[in-house]
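J.: the following comprises the amino acid sequence and a computationally predicted model.
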Amino acid sequence: MPIQIARFVVKEKFNQTADVVTLRLVPLDPFNMDFKPGQFVNLYVQREGEPLLARPYSIASSPTNKDYLELTIKIIEGGRFTPRVASLKIGDVVKIGGPFGKFFFLDEEKMKDVVLIGGGCGITPFISIIRYVSEKGLDVNITYFYSARTMDSILYRNELESIAKKNKNIKIIFTCTREGSSSWNGERGRINLDMIKKYVDIRDDKKYYMLCGPPEMIKSLVEQLKSAGINEEKIIHESWSA
Ligand SMILES: Cc1cc2nc3c(=O)[nH]c(=O)nc-3n(C[C@H](O)[C@H](O)[C@H](O)COP(=O)(O)OP(=O)(O)OC[C@H]3O[C@@H](n4cnc5c(N)ncnc54)[C@H](O)[C@@H]3O)c2cc1C
């Protein structure tokens, strides 16, 4: 699809957690919403008297949703761009360029069994994929390993749980790396090969693995998957360096 650039208006804005904001953006100019789940856009925000700045953000909504583009963004204190996102108001106009990227759920016929691995805000391409598979009722098995610091910082938790309840083919494994409460009965600690093997038969060579998150996390997990004999071609990853 050709790259587009268009003005969008902020229709909705709400906090997922104290430092994570979700924007729902509606196009003011023609914009073809047929992106692939997992792709990203560039978000441009102008602040008066300052240069125009842009950053890439994965699209969290599904391409089946033609009403708005959803972006979910962690606000970095002292960051050059995200404080502009934090100060956006309903009705403000931003620009979107895209869609971009080769990190997407592509082949519904070939990718029948997919293991998704990510943490924190790295959920955004995966919530798009999960919404898409669920909304289209695709015959695709998904096992999603999602790590967050604490149970309160899990993004989209209610929606993920309700999708998993409705779709037998979608399984979500939450793990908390710093949860102090004994009421948390999900997994604890970082995602690693042992955790993956607990839920997934990695000997099945038809499985695809998609990973998204900070470069160190991706590097370590890709090495672990390769050392377990998983073919590199089956491992698709995108890292978000700052
Ligand atoms: C393809 C792609 C998709 C992306 N999708 C998303 C998305 O859906 N949601 C999202 O929130 N971000 C996403 N990012 C990251 C995003 O583009 C910016 O890098 C991020 O918002 C930082 O913006 P900033 O300019 O405010 O911070 P900067 O001014 O660039 O950084 C300020 C400081 O914060 C540190 N920092 C930067 N990012 C983080 C972080 N995530 N956690 C902790 N410290 C950090 C930096 O190392 C630096 O020290 C994506 C990146 C890529 C490449």
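T.: Nice, I can see it. Residues are numbered from 1 along each chain as shown.
J.: okay, now the domains of the protein?
T.: The chain breaks down into these domains under automatic domain parsing: 4-100, 113-239.
J.: reformat these as CSV; add distance to the ligand.
T.: To be clear about C-beta, it is placed using only N, CA and C from the backbone, and glycine gets the same treatment. Listed next are the domains of the chain as CSV, based on distance: least, CB to the nearest ligand atom, whole Å:
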stretch, distance to the ligand
domain 4-100, 2
domain 113-239, 4
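J.: now those domains as TSV including distance to D107, mean neighbour count and mean pLDDT?
T.: Listed next are the domains of the chain as TSV, based on distance: least, CB to CB, whole Å; neighbours: other CB atoms under 10 Å; pLDDT from 0 to 100:
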stretch	distance to D107	mean neighbour count	mean pLDDT
domain 4-100	10	17	96
domain 113-239	9	17	96
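J.: any idea which helix or strand comes after the longest strand along the chain?
T.: If you go by DSSP state E, the chain has its longest strand at strand 4-17. Sequence order places strand 20-27 as the next helix or strand after strand 4-17, per DSSP states H and E.
J.: mind giving me the packing neighbours of that following strand?
T.: Packed against strand 20-27 by the contact rule (3 or more CB pairs under 8 Å, 6 or more residues apart in numbering; DSSP states H and E) you find strand 4-17, strand 69-74, helix 82-86, strand 93-100.
J.: mind running it again at 6 Å?
T.: If you count contacts as 3 or more CB pairs under 6 Å, 6 or more residues apart in numbering; DSSP states H and E, strand 20-27 packs onto strand 4-17, strand 69-74.
J.: just the angle between the last one and strand 93-100, please?
T.: To tie it back to what came earlier, the one meant is strand 69-74. 100 degrees (axes from the mean of the first three to the mean of the last three CA atoms, to 10 degrees).
J.: how big is the angle separating strand 69-74 from strand 4-17?
T.: Going by the same axes, to 10 degrees, strand 69-74 makes 50 degrees with strand 4-17.
J.: sheet partners, orientation included, of strand 69-74?
T.: If you go by DSSP bridges, strand 69-74 pairs up with strand 20-27 (antiparallel).
J.: the residue positioned nearest the centre of the chain in helix, strand or coil?
T.: By CA atoms, centre = their mean, the mean C-alpha position of the chain lies nearest to T124, the distance being 1.8 Å. Classification of T124 using DSSP: H, G, I helix; E, B strand; the rest coil returns helix.
J.: tell me the helices and strands packed up against the helix or strand where A54 lies.
T.: Using DSSP H and E, the element containing A54 is strand 53-58. In terms of contacts (3+ CB pairs under 6 Å, 6+ apart), strand 53-58 is packed against strand 40-45.
J.: just the strands in the protein please.
T.: 4-17, 20-27, 40-45, 53-58, 69-74, 93-100, 113-119, 141-148, 170-176, 187-188, 208-213, 235-239.
J.: tabulate those (CSV), appending distance to D201.
T.: Below are the strands of the chain laid out as CSV (distance: least, CB to CB, whole Å):
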stretch, distance to D201
strand 4-17, 33
strand 20-27, 33
strand 40-45, 31
strand 53-58, 28
strand 69-74, 31
strand 93-100, 33
strand 113-119, 10
strand 141-148, 10
strand 170-176, 13
strand 187-188, 18
strand 208-213, 13
strand 235-239, 16
